[in-house]
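Participant: Dropping the sequence and predicted coords here.
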Amino acid sequence: MSPCWFNPSRVGGILDGVNDRDPSPTVVGMVDPAHPPSKRAPLRWAIGGLVPWLVLAAGQAVWIAFDRRLLWLHLVIAVVTVLGAAISLAVVPLWRYRVHRWELGPQAVYTRTGWLVQERRIAPISRVQTVDTYRGPLDRLFGLTNVTVTTASSAGAVHIAALDVAVADHLVAQLTDIAAIGGEDAT
Amino acid sequence: MSAGDDAERSDEEERRQVSAQTGWQRLSPRMLLVHPVHELIRELPLLIGGLVLGQATGNQSWTVAVLALTAVVGVGRWFTTSYRIDADPESGQVQLRAGLLHRKVLSVPRNRIRSVQTDARLLHRLLGLAILRVSTGQEARAEHGFELNAVRVDEVPRLRAILLTESRQPAETTTTETSAPAASSAVLARWQPSWLRYAPLSLSGLLTIAAAAGLIYQTGAVGPLQHSRLAESALQASQRVGIAATVAVIAAVLLVASVLLAVLRSLLTYGNLVLSRQADVLHLRHGTLRLREHTYDMSRLRGGTLRQPLLVRVFGGAGLDAVMTGVHGAGESSVLLPPCPRSTAESVLTGLVGDPKVVSGPLRGHGRRAAARRWTRALGVPLLIGAVLMAFALTSVVPLWLWTAWVAVTAWCALLAADRIGALGHRVDSDWLVMRAGSWERRRDCLATAGIIGWTVRQSPFQRRAGVATLVAATAAGTKRYPLIDVPEDQAWAVAAKASPWVAESIWALR
């Protein structure tokens, strides 16, 4: 499938200036990225996941203190709350820890994220626009940092969650070093 | 920046002196006529209030005062608005100062300008004016957008040439494409009255009616109408002819009105459309009463989308959207061609893309497992409803019309699923990624692979079990996110690698 359309006599095509490339050898798949997040990440995710359920439980406690008519409803909600809390405390963080991976290559940054719905995302470093770090209160408690690498596309931002602070700092330094930020960003 | 109204005069003096040095320019003085009229329309409630107050007090000077105030505000807008364009196209800026009480300065770096549009409503056109809008790679909301309201129409080509000079050859900037686009450049498509036949096939007319009904309802006009003689006589008439006939009549009236409205809207918006190309600039103008013009920088074009909604497709039509950076991907701003004969849309896109195989070539389907997922998704709910109906039928009687409706809905869903399976496919080489999907809203996205700056392979638990994945190409252009659903798992990265050498050459690629 060579690009036979390219005809220099034609004025101004979309891809003018882009040279014909060699057809790349067939790629059959991708190896997963190498590095897991911080060892403390599951703990942070567990506590972060537990908070909404605790709020729900507190609301329920208040409700039951004032109104005890619909006992079956209280029971159903309590069971749902306990199940949800247990899943987000024990299952989700470990599952997430098994899935989450990241790696920085010479040309691209590659991540695997999610638990139920899993995503693998790759972005070329030459097109990186910004490298952001974010530390929420819980992240600070556990000494973690989240790194977001954005490109000119809102659908292409790469999120690397729950890294050790030292690892994240090193990664950000490396990224800003390699990436010619401010160069061509494909807009 | 802030300046009170009282200080306006001295401010004015100062500005005149400054303008000699830095090139601040005013908008067309003809806006002194337009602004007060727009201001009057905007302050209509105030004007009505003045009239009522004048009636009540027997002193019409209130009305005069309100009129004078709005006129002064309108005139003041012209005096307080000015713009300048730095001479240096690389690092210079385009700036706009505006605001009567709240002063604001908008600055746009010249090398960030991606497209220039003009818009002339009726009053502007009568006075030979046009609003000029500049858009950049960033998405701007209406109130933050950079717009010059308004400049003279004969100044537009010059301004446009200056603003887009960064991306154009210096030798070409002097031509005046606005006055005669056909003379100096190649016309790609020209509007035909026959295109109107696709207009009734959209829901735009029905939406207009719904919006109007909502507006009337909100103004409270319905309340008094409910007990009026008109409503009562209508009620009596409907009782005479029966419910079925009434519903049929109302439906027919709605249908005719929505068709008429849709055709009218299409005529007003897209009438006189001319799409032309001059070297590396794409030029689109359309509108019968309100004239709009867009100028696109071809080097920002990353492809195009052929859009074929089901009804339009049945009648052999297609619309064309541009996939471009700096232009909103969805909605009117990216439309290159409204629904028109498919051959027209395809030939225009072929001209832009350069490869007929990209536009109309065969696609690679996504196989049996993707098809199975289409069937389960389309027929899951109808089959469930069917089971429930069965269960009811065992204990009591289910009316025949319910069974008929169920059969019709199920058949419709099955047809949609079959159509979606037929549509699903992709085509990839080192320059173009083509993806097609959908039945009700079918689209064929043609993306230049050079513009793809990220890939995502996404799998839900069901997709993992079926061994398929959603491949998402991220670009800075168009809708930013171009998903290709249910690609066989083992092909997803192959497609990405074929399109983007940086994926194929990455350290993770398995060969």
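Facilitator: Perfect, thanks for sending it.

Participant: mind checking how far B:G451 is from B:L159?
Facilitator: For B:G451, the distance to B:L159 under the criterion CB to CB, to the nearest Å works out to 28 Å. From N, CA and C alone the C-beta is placed, and that goes for glycine too.

Participant: List the residues that contact A:G114.
Facilitator: A:96, A:99 (CB atoms under 8 Å, 6 or more residues apart in numbering or on different chains).

Participant: Kindly report the same for B:P36.
Facilitator: Here B:P36 is in contact with B:70-71, B:74-75 (criterion: CB under 8 Å, 6+ apart).

Participant: Mind checking which of those residues are in helices?
Facilitator: Using DSSP state H, B:70-71, B:74-75 are the members of these that sit in helices.

Participant: On the three-state scheme, the residue in chain A positioned nearest to chain B is what?
Facilitator: Nearest to chain B, among the residues of chain A, is A:G156, at 2.9 Å (CB to the nearest CB). Following DSSP: H, G, I helix; E, B strand; the rest coil, we place A:G156 in the coil state.

Participant: Could you give the number of residues near it?
Facilitator: Neighbourhood size, A:G156 [other CB atoms under 10 Å in any protein chain shown]: 29.

Participant: Need the max-distance pair from the contacts of B:P36.
Facilitator: B:T70 and B:V75 (9.7 Å; CB to CB).

Participant: Pick out whichever of the two has more residues nearby.
Facilitator: Neighbours of B:T70 and B:V75, each counted by other CB under 10 Å, are more numerous for B:T70; the result is 23 against 16.

Participant: Am I right that the more buried one is in contact with B:V37?
Facilitator: No - under the criterion of CB atoms under 8 Å, B:T70 is not in contact with B:V37, lying 9.5 Å apart.

Participant: okay, now B:L484: neighbour count?
Facilitator: If you count neighbours by other CB under 10 Å, B:L484 ends up with 25.

Participant: Quick check: phi and psi at it.
Facilitator: phi -120, psi 110 (degrees, to the nearest 10).

Participant: does it have beta-bridge partners, and which?
Facilitator: Using DSSP bridges, the bridge partners assigned to B:L484 are B:L471.

Participant: okay, now the domains of chain B?
Facilitator: Per automatic domain parsing, the domain ranges recorded for chain B read B:8-176, B:197-270, B:297-364+B:424-504, B:367-411.

Participant: Turn those domains into JSON lines, including distance to A:W63.
Facilitator: JSON lines is the format used below for the domains of chain B (distance: least, CB to CB, whole Å):
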{"stretch": "domain B:8-176", "distance to A:W63": "42"}
{"stretch": "domain B:197-270", "distance to A:W63": "38"}
{"stretch": "domain B:297-364+B:424-504", "distance to A:W63": "34"}
{"stretch": "domain B:367-411", "distance to A:W63": "34"}
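
Participant: quick one, which of those domains is packed in tightest?
Facilitator: domain B:297-364+B:424-504 (a mean of 21; mean count of other CB atoms under 10 Å in any protein chain shown).

Participant: Just put the domains of chain B in CSV and tack on mean pLDDT.
Facilitator: Listed next are the domains of chain B as CSV, based on pLDDT from 0 to 100:
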stretch, mean pLDDT
domain B:8-176, 75
domain B:197-270, 80
domain B:297-364+B:424-504, 91
domain B:367-411, 91
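
Participant: Filter the contacts of B:P36 to keep only those in contact with chain A.
Facilitator: Among these, not one lies near chain A by CB under 8 Å from any CB of the partner chain.

Participant: Which stretches in the stretch 151-300 of chain B count as strands?
Facilitator: Counting by DSSP state E, counting those that start in this stretch, the stretch 151-300 of chain B has these strands, from start to end: B:186-190, B:274-278, B:281-286, B:291-297.

Participant: Which secondary structure state does the residue nearest to the spatial centre of chain A sit in?
Facilitator: For chain A, A:H159 is the residue whose C-alpha lies nearest the centre (CA atoms, centre = their mean; 3.6 Å). Recorded secondary structure, A:H159: strand (three-state DSSP).

Participant: helix/strand/coil for the closest residue to it other than its chain neighbours?
Facilitator: Counting by CB to CB, 6 or more residues apart in numbering or on different chains, A:H159 lies nearest to A:T148, which is 5.2 Å off, once chain neighbours are set aside. Assigned by three-state DSSP, the conformation of A:T148 is strand.

Participant: Now for A:T148: which residues touch it?
Facilitator: Per CB under 8 Å, 6+ apart, neighbours of A:T148: A:131-134, A:157-160.
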